[in-house]
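Chemist: test case, fold it:
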Amino acid sequence: MTAVRSTLPDEARRVSCEALQDTLVDLLGLSLIGKQAHWNIVGPRFRSIHLQLDEVVSAARNFADTVAERSAALGVPPDGRPETIAKAFTLPAPKEGWVRDSDAVQVMVESLQDAIGRLRERIDATEKADLVTQDLLISITAELEKQRWMFDAENFPRES
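Modeler: Predicted coordinates:
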């Protein structure tokens, strides 16, 4: 059933909505990773990292909503169901239980780095298909790169 007709040709819509769906999975997963670490972080940098995790969660959730609405506007229903996210999600995540502040920082750097790499691939894929979707993916990448940088700065000075 097609409830909304797309303004894009079929192939461009397919490419764009595939990129959007994959991004939705990554963003919802990042929000869950961030909250898991937020609830379980321990260590001397607890407060600053605890608050920084909320920034990532907020950004990921807001972008997830925008991404899902873009997909819907193109005529493809977004799928953010828990079983879809669990099946498709592959970013690094914190271990179960309490998470040392340094481990939380490292998992966020790795998760954001992986998400950014995939976003850059989707940016390339949507260049010819849909510049509006590409622009959205570029904006998301910029924010996630900023968040990655902030977490990575927590690792300075680097341990040998």
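
Chemist: from here on, just use CA atoms for contacts and neighbour counts.
Modeler: Fine.

Chemist: got the residue ranges for the helices in the protein?
Modeler: For the chain, applying DSSP state H gives helices covering 10-40, 46-73, 82-88, 101-125, 131-153.

Chemist: what about Ala129, how many neighbours?
Modeler: 19 (other CA atoms under 10 Å).

Chemist: and the residue lying closest to it once chain neighbours are set aside, what does it touch?
Modeler: Excluding the flanking residues, the one nearest Ala129 by CA to CA, 6 or more residues apart in numbering is Ala12, at 4.4 Å. Contacts here follow CA atoms under 8 Å, 6 or more residues apart in numbering; on that basis Ala12 touches Thr126, Lys128, Ala129, Asp130.

Chemist: from Gly117, how far off is the last one?
Modeler: Asp130 sits 19 Å away from Gly117, taking CA to CA, to the nearest Å as the criterion.

Chemist: which one's more surrounded, the two?
Modeler: Neighbour tally, Asp130 and Gly117, criterion other CA under 10 Å: the higher count belongs to Asp130, 18 against 13.

Chemist: how far away is the more buried one from Leu53?
Modeler: Taking CA to CA, one finds Asp130 at 32 Å from Leu53.

Chemist: can you check Ala59 too?
Modeler: 10 Å.

Chemist: and the two? Which one has more around it.
Modeler: For Ala59 versus Leu53, the count of surrounding residues by other CA under 10 Å is larger for Leu53: 26 against 18.

Chemist: I'd say that one and Gln36 touch.
Modeler: No. Judged on CA atoms under 8 Å, Leu53 makes no contact with Gln36 at a distance of 9.4 Å.

Chemist: find the residue closest to the residue nearest in space to the middle of the chain in space, skipping its chain neighbours.
Modeler: Taking CA atoms, centre = their mean, the centroid of the chain lies closest to Leu27, which sits 2.8 Å from it. Spatially, and ignoring its direct neighbours in sequence, Leu27 is nearest to Ala60 (5.1 Å; CA to CA, 6+ apart).
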